[in-house]
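Undergrad: the sequence and its predicted three-dimensional model are supplied below.
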Amino acid sequence: MPNQKQKRKRRAPKGFKRLPKGPNGGIELLLIQSVDNLGSQGDVVEVRPGFANNYLLPQGLATIASDHHKRMVDKHKAKLQEIEKRRLSDLEQLAAELSKQSVTIEANANDEGQLYGSVGPAEIVGSLKQAGFSLTNDQIRLDGVLKEVGLYTVKIHLHQDVNSEVKVWVVPSVEAGEKDG
């Protein structure tokens, strides 16, 4: 009869595969899409297990860097570079269009031009959507929220190699002017 205090060996759940370790002890992954501050599409990178399991793999940004996947990427490298070139040229066209664009945002302000609230990335994205541009809040680069009426030049980060700027007019809302009058 086996000793009851004998520890049972833990097994990984069925279908669970350990991720391949890299030379520095991290997880080796192949990037499916470019990730800022990490690498571009088709690169083999080594990251910490938590970053791999909690972000890159669930978001579909990377896959396990098996020999098969590496061979496939090498085979399609030229095709991937052509796709990336087209994507970059599209983003550069978008950046050129954005740099010509100026948006106006109405906000409640007092007589000195101080806003009662503030204008942040969400309001800028909303104004750009009305102008026909589809951006996300994290693409807008502000040093801080806009708290005064005036003209601002706002940086837009489209890609690690493509940035643009948009002129943003923050004006007092018409309702505030009618209340004063």
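TA: Good, I have the coordinates.
Undergrad: number of nearby residues for the closest residue to Ser173 other than its chain neighbours?
TA: The shortest distance from Ser173 to any non-neighbouring residue, by Cβ to Cβ, 6 or more residues apart in numbering, is to Glu106 (4.2 Å). (Glycine included, C-beta is placed from N, CA and C.) Residues within reach of Glu106, counting by other Cβ atoms under 10 Å, total 17.
Undergrad: wait, Glu106 sits on Val168?
TA: No: applying Cβ atoms under 8 Å, one finds Glu106 not in contact with Val168, separated by 11.8 Å.
Undergrad: now do Ser102 against Ser173, distance only.
TA: 18 Å (Cβ to Cβ, to the nearest Å).
Undergrad: can you check which helix is longest in this structure?
TA: For the chain, the helix that runs over the most residues, judged by DSSP state H, is helix 77-100.
Undergrad: what lines up beside the helix or strand following that one in the sheet?
TA: Using DSSP states H and E, the helix or strand that follows helix 77-100 in sequence is strand 102-107. Here strand 102-107 is paired, per DSSP bridges, with strand 162-172 (parallel).
Undergrad: would you map the helices across this structure?
TA: So, for the chain - with DSSP H - the helices run 49-51, 67-75, 77-100, 121-130, 174-180.
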